[in-house]
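> Okay, here's the prediction I keep looking at, along with the sequence it came from:
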Amino acid sequence: IDEMQTRDSLKMYNGLVQRCFADCVHTFRRKTLEKDEEACVSRCTQKFLKHSARVSLRFAELNQQQSTVGPPQQ
Amino acid sequence: IDEMQTRDSLKMYNGLVQRCFADCVHTFRRKTLEKDEEACVSRCTQKFLKHSARVSLRFAELNQQQSTVGPPQQ
Amino acid sequence: IDEMQTRDSLKMYNGLVQRCFADCVHTFRRKTLEKDEEACVSRCTQKFLKHSARVSLRFAELNQQQSTVGPPQQ
Amino acid sequence: MSAFGPLGGGGNGGGAGITDAQRLKALEMARNEMEYRVDLFNRLAQTCFEKCSEKRYKEADLNVGETSCVDRCSSKYWQVVGMVGQMLGAAGANGNVQQ
Amino acid sequence: MSAFGPLGGGGNGGGAGITDAQRLKALEMARNEMEYRVDLFNRLAQTCFEKCSEKRYKEADLNVGETSCVDRCSSKYWQVVGMVGQMLGAAGANGNVQQ
Amino acid sequence: MSAFGPLGGGGNGGGAGITDAQRLKALEMARNEMEYRVDLFNRLAQTCFEKCSEKRYKEADLNVGETSCVDRCSSKYWQVVGMVGQMLGAAGANGNVQQ
């Protein structure tokens, strides 16, 4: 189970990189980031982390509140 | 293998929720669904289930017909 | 680990099919591919394989160069 | 990601008299439950990020509008999870959905 | 999801003389095969839903046009699976695709 | 997919005195590392394909512009991996990111 949490964090990490790269990087004239691209990636990452933390709080509350919502019965 | 089928159903379940939410919910003025959003989610879910059932039939036929199509050889 | 590599190749295979289908197939008047759709799928597949091979080379280089980039510490 | 909470953790202790196969099966089940919740969380987070965040990323913080949007979006998403779950349950109970 | 059919199920019985490692390996292989098929099914279903369904969801049923679109879309998708499989097989046979 | 290289492969040898649980755990860890790298590779490949290839697929080859775009895109992607990794490390070190 521990290993699974690690794995899921890694998935989130990869997803975050992909999203911020896709949203912030649009030129391929050089092989390093332009200054504004770098700043955009930085803000995007911070925003996403704050967003995830907030969702995480809500998720925990909702989970508690209504513990009957689960996967559909097979 | 049983567990895998459960897992895959759960994945489908999550995918269905995400799709119908993304397509039907566009306002965030309240914390519960608007009436029309709720109706849209309901139709979307029913339609997707019928769609999946149909694809499932075709998939079985095609699988039978041409059992030689498999994963590429390594 | 071998099995994992197989699994990942299969995932890539499925991803490639999905992408080239989505980009190349737009009509549903017949149940077999139109000539131009077939040619498009063929070029798309070849291009994606060449692209992946190129990325693979770069990936190996970058991996070597900077072996300190890893998953974030938990 | 403490949101997922402890999973109860039973079975993993590896008590006496449990066969390897049973332990493997219990592990597999806990894994499914866990994967389901993580997948749900990730999809909720992604979907609401897309719905609520402006794509320019002018600031690193969530502004007031984005914050309340996230809260409402999470709540509505949860409601849809419940709705779809009920509909799937009903479809399952009726045998099948083959049209 | 009966479409995937039984997997034959060999190997899981856990006959005599099979080591744990072998059983784990067999399980892993069946799992790969299964995951491949499920992944294929899910992608086909998603892609054809996007190609064939109007996004307003005015009705809960598939209309005639959507139904025949799904059938043709599935069939064409299957054809692409075959094509790409052959091309990958050819590329593999030639050693590599490193340009 | 030789890019991922050998994983070192330690632990899998199954030496004397290692319990099944330990072997399972080592396998799980190697699997995580591997999955992470494969997932990273796949996302990089997909993202750069979208950024660099024209969607008409008029030719089966990468032209000069696409080739240099792929190289730069891979390099920039790698830089973002490093940046985000550092930021996550920093956030982790400060305890948490709960706002």
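Cool, the structure landed. Fair warning: this is a prediction, and the values are worked out from it, not measured in the lab.
> what about the host helix or strand of residue D:90, near chain F?
Using DSSP states H and E, residue D:90 sits within helix D:64-93. No. Using C-beta under 8 Å from any C-beta of the partner chain, helix D:64-93 never reaches chain F; the gap is at least 8.7 Å. The way it works is simple: take the backbone N, C-alpha and C, and place the C-beta from them, glycine included.
> for that helix, which positions count as buried?
D:66-67, D:69-85, D:87-88, D:91 (16 or more other C-beta atoms under 10 Å in any protein chain shown).
> ok, the closest residue in space to residue D:62 that isn't next to it in sequence - how many residues close by?
Using C-beta to C-beta, 6 or more residues apart in numbering or on different chains and skipping the chain neighbours, the partner closest in space to residue D:62 is residue A:50 (5.3 Å). Counted with other C-beta atoms under 10 Å in any protein chain shown, the neighbours of residue A:50 add up to 20.
> What is the burial count for residue 34?
Picking chain A for this. 15.
> Correction: the question concerned chain D.
By other C-beta under 10 Å, the burial measure for residue D:34, its neighbour count, is 16.
> what helix or strand is it on?
Secondary structure from DSSP H and E places residue D:34 in helix D:20-52.
> Run the chain-centre distance for that helix.
6 Å (C-alpha atoms, centre = their mean, to the nearest Å).
> In that helix, which residues are buried?
Buried-residue list, helix D:20-52, by 16+ other C-beta under 10 Å: D:23-24, D:27-28, D:30-49, D:51-52.
> longest single helix anywhere in chain A?
The longest helix of chain A (DSSP state H) is helix A:35-65.
> What are the buried residues along that one?
Applying 16+ other C-beta under 10 Å to helix A:35-65 flags A:37-38, A:40-59, A:62-63 as buried.
> and the helix holding residue D:90, is it in reach of chain E?
No. Using C-beta under 8 Å from any C-beta, helix D:64-93 never reaches chain E; the gap is at least 10.4 Å.
> just checking, what packs against that helix?
Packed against helix D:64-93, as judged by 3 or more C-beta pairs under 8 Å, 6 or more residues apart in numbering or on different chains; DSSP states H and E, are the following elements: helix A:35-65, helix B:2-24, helix B:35-65, helix D:20-52.
> And the residue of chain A closest to chain C?
For chain A and chain C, the shortest gap (C-beta to the nearest C-beta) falls at residue A:10, measuring 5.1 Å.
> Might one say that that residue is in contact with residue F:35?
Yes. Residue A:10 lies in contact with residue F:35 (C-beta atoms under 8 Å); the separation is 7.3 Å.
> if we can go back for a sec, what's the average pLDDT for the helix holding residue D:90?
The pLDDT scores in helix D:64-93 average 92.
> do the same with stretch A:54-62
The model assigns stretch A:54-62 a mean pLDDT of 93.
> tilt between the helix or strand of chain A with the lowest mean pLDDT and helix D:20-52?
The helix or strand of chain A with the lowest confidence, counting by mean pLDDT, DSSP states H and E, is helix A:2-24 at a mean of 84. Per axes from the mean of the first three to the mean of the last three C-alpha atoms, to 10 degrees, the angle that helix A:2-24 makes with helix D:20-52 is 20 degrees.
> Residue A:10: neighbouring residues, count only.
Other residues close to residue A:10 by other C-beta under 10 Å number 21.
> With adjacent residues omitted, what lies nearest to it?
Nearest one to residue A:10, counting by C-beta to C-beta, 6+ apart, is residue F:36 at 4.3 Å.
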